[in-house]
Structures are given as C-alpha cells and as structure tokens.
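# What shape does this take:
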Amino acid sequence: MIDYMRAFKHYKYRKKRRFGNLLHTGTICAALIVSLGLLGATYASWNQSFNLFGSISTGEVSIIITNVALESSDSYESLSFDTNRAGNVVDEVNMRVVSRANPFNSILVFTVENNGTVPVICEGIDSSVPDSLGVELVAAPDRIEPGQSAPVKVKITKGYVENFEFSTFLRFVQAV
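Numbers count the residues shown, from 1 in each chain. The predicted structure follows:
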C-alpha cells in the first residue's frame with residue numbers, strides 16, 4: 001500500500017507540475033505574442049473603404065427680363081426702340097438711332113424679375129463687347145429677393161458708326 005501512496009503522490013506532484021507549466025511566464029508571453037500577432041494580422045487585412053457621394057443645392061438662380069425702357073438719350077434725328085418678347089419675357093431689344101452726337105449716350109432700364117429660390121445681385125455686364133462700345137452698369141439694387149422685380153440701369157456709349165450690332169449679358173449671382 002505504501003507503494004500505491006508513493007505512486008499517487010508522485011502522480012499528484014507530476015500533475016501539479018504540468019498544470020503549473022501552463023501558467024508559467026514564458027507560456028503566457030508566448031500566448032500573448034501569438035494573440036497580438038493574430039490581432040495585427042486581422043487588423044491589417046480588414047480593409048473597408050467608404051465612398052461618400054453628396055449633392056448640395058443652396059437654391060436656384062433664375063432671372064428674367066420683363067421690360068426694357070429707354071430712359072434718356074442724347075439728341076437724335078430719329079430713334080426706333082422695340083422689344084421682342086416670348087410671353088412675358090424680353091428676348092431681344094432693337095434700337096435704331098440716327099444722330100449727329102459723337103459719342104451717342106443712352107440709358108436703358110431693364111426690369112428684372114427673380115424667379116429663382118435665392119436672393120440675387122447684379123454683378124455686372126458681360127465684358128465681351130467691342131472696345132469701341134461703352135456698356136456700363138449705372139444703377140442696380142443691392143439685392144433682389146425671390147419673387148421681386150427691380151430696375152437695372154445700363155448706359156450705352158458709342159461713337160460714330162453705321163450699321164452696328166452687338167449683344168451683351170447682365171450677370172446675376174446669388175447674394176450672400
């Protein structure tokens with residue numbers, strides 16, 4: 001029986017020793033290195049890209065010219081002034097002047113209506129007119145709110161010429 005007890009004690013001691021080896025510092029460090037290695041590998045392989053698409057709309061700028069009037073001009077021998085319309089929108093202004101004034105000056109008043117959803121301002125006039133023609137913005141409101149109409153005055157200056165035609169554009173931008 002003593003041999004049995006000794007063998008049991010030896011087995012018991014051996015089993016504790018084996019169990020103690022699993023909690024040894026080297027074993028814990030090795031397990032930690034392996035787990036951190038796996039964590040790093042999985043983090044490195046996790047590649048997810050995000051595509052963000054967006055559209056921002058602050059409103060719509062829509063200006064129409066509802067009327068054009070000749071406010072003043074230099075002396076002239078004959079003058080004809082008419083507008084071509086498409087509904088209530090002015091498409092084209094035709095002015096034929098015979099004058100001895102050099103240069104000839106006239107001021108046109110454009111009635112513009114803001115049909116957009118944001119307030120606008122008149123930034124100026126298209127600069128692609130010929131050098132011999134002077135077109136300048138005389139007066140414009142600080143701001144035209146949606147649904148409102150306002151007058152914009154433009155001065156046209158031209159020296160002596162026969163059969164001269166030109167076109168230009170008023171530039172409107174969103175008011176900030």
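# Let me see the ranges of the strands in the protein.
63-73, 78-86, 89-98, 104-114, 120-125, 133-139, 149-158, 170-174 (DSSP state E).
# Specify the angle between the third one and strand 104-114 in degrees.
With axes from the mean of the first three to the mean of the last three CA atoms, to 10 degrees as the basis, strand 89-98 and strand 104-114 are set at 170 degrees to each other.
# Tell me the buried residues in strand 89-98?
Buried residues in strand 89-98, counted by 16 or more other CB atoms under 10 Å: Val90, Val93, Val97. Every residue, glycine included, has its C-beta placed from N, CA and C.
# which strands and helices sit next to that strand?
Other helices and strands packing on strand 89-98, by 3 or more CB pairs under 8 Å, 6 or more residues apart in numbering; DSSP states H and E, are strand 63-73, strand 78-86, strand 104-114.
# re earlier: so for Asn51, which of the strands of the chain sits nearest?
strand 170-174 (29.0 Å; CB to CB).
# Parallel or antiparallel, list what pairs with that closest one.
strand 120-125 (antiparallel) (DSSP bridges).
# Show residues contacting the partner strand.
61, 63, 112, 114, 135-137, 140-144, 152, 154, 168-175 (CB atoms under 8 Å, 6 or more residues apart in numbering).
# Same question for stretch 36-55.
Counting by CB under 8 Å, 6+ apart, no residue sits against stretch 36-55.
# Buried ones among the contacts of strand 120-125?
Buried members of the contacts of strand 120-125, counted by 16+ other CB under 10 Å: Val61, Ile63, Val112, Asn114, Val135, Ala140, Ile144, Val152, Val154, Leu170, Phe172.
# just those now: which is nearest Phe164?
Nearest to Phe164 among the buried ones among the contacts of strand 120-125: Val135, at 12.7 Å, using CB to CB.
# domain assignment for the chain?
What automatic domain parsing lists as the domains of the chain is 2-45, 63-174.
# Same list, these, but as CSV with mean pLDDT and distance to Leu52 please.
CSV is the format used below for these (pLDDT from 0 to 100; distance: least, CB to CB, whole Å):
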stretch, mean pLDDT, distance to Leu52
domain 2-45, 71, 23
domain 63-174, 86, 25
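# highest average neighbour count across those domains?
The highest mean neighbour count among the domains of the chain, using mean count of other CB atoms under 10 Å, belongs to domain 63-174: a mean of 14.
# From start to finish, how long is that one in a straight line?
One end of domain 63-174 to the other measures 11 Å (CA to CA, to the nearest Å).
# ok, now stretch 106-121?
23 Å.
# one step back: dump the domains of the chain to TSV, plus distance to Gly54.
Shown next, in TSV, are the domains of the chain (distance: least, CB to CB, whole Å):
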stretch	distance to Gly54
domain 2-45	29
domain 63-174	19
